[in-house]
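Trainee: Just to be clear, the model below is a prediction. Sequence and coordinates:
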Amino acid sequence: MTGETTKKAPRKQSGQPVLLSGGNPQIAKGYGDGPIQAYIAAMPGWKSDMGRRLDALIEKTVPGVYKAVKWNSPFYGIEGDGWFLGLHCFNKYIKLAFFRGTALDPMPPVASKTAETRYFHIHEEDVLDEAQLAEWIRQASRLPGERM
């Protein structure tokens, strides 16, 4: 024993990941589908079903998409070319971040503090326009990715 301790992510008594302030699951950093699926499973309430829908839509739209969880959020990109999309849970909605969103036509509706990023928010009662979302995903995947 070297005297070192390892810290584990806090867990609820149910064994599920802790929800951080704002409602986002605390998931360890990792690459590939496994960490993404762990994040989706930990999304609270209706958000988990929406997370599965979004992940399936992204995979269908961009075959071979590269995935990771970083900073407790899923990222989607093209391996070697950076990230084009990130997700984040909030108490009342899921935020999709298109890192080159100002180049999309039409632009996603919500502005960011970052010049090129645009957001799209999904609330529980929203009817998702999957065709529009798939078009944004397709366009975003063809743009240079964000390096993070």
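Mentor: That came through fine.

Trainee: just checking, what packs against the biggest helix by length in the chain?
Mentor: Ordering each helix of the chain by length in residues (DSSP state H) puts helix 46-61 first. With contacts taken as 3 or more CB pairs under 8 Å, 6 or more residues apart in numbering; DSSP states H and E, helix 46-61 sits against helix 33-42, strand 82-89, strand 93-98, helix 130-141. Where you see a C-beta, it was placed from the backbone N, CA and C, and this is true even at glycine.

Trainee: Restricting to C-alpha, output it in PDB.
Mentor: Extracted in PDB, the C-alpha atoms of helix 46-61 (Å, rounded to 0.1, in the frame of the first residue of the first chain):
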ATOM      1  CA  TRP A  46     -38.000  11.600 -19.900                       C
ATOM      2  CA  LYS A  47     -34.500  12.700 -20.800                       C
ATOM      3  CA  SER A  48     -33.200   9.100 -20.900                       C
ATOM      4  CA  ASP A  49     -35.700   8.100 -23.600                       C
ATOM      5  CA  MET A  50     -34.900  11.300 -25.500                       C
ATOM      6  CA  GLY A  51     -31.100  10.500 -25.100                       C
ATOM      7  CA  ARG A  52     -31.600   7.100 -26.700                       C
ATOM      8  CA  ARG A  53     -33.600   8.700 -29.600                       C
ATOM      9  CA  LEU A  54     -30.900  11.400 -30.100                       C
ATOM     10  CA  ASP A  55     -28.000   8.800 -30.000                       C
ATOM     11  CA  ALA A  56     -29.800   6.600 -32.500                       C
ATOM     12  CA  LEU A  57     -30.500   9.600 -34.800                       C
ATOM     13  CA  ILE A  58     -26.900  10.700 -34.700                       C
ATOM     14  CA  GLU A  59     -25.600   7.100 -35.400                       C
ATOM     15  CA  LYS A  60     -28.000   6.800 -38.300                       C
ATOM     16  CA  THR A  61     -27.100  10.200 -39.800                       C
END
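
Trainee: so that helix versus helix 33-42, what angle?
Mentor: Using axes from the mean of the first three to the mean of the last three CA atoms, to 10 degrees, the inter-axis angle of helix 46-61 relative to helix 33-42 is 150 degrees.
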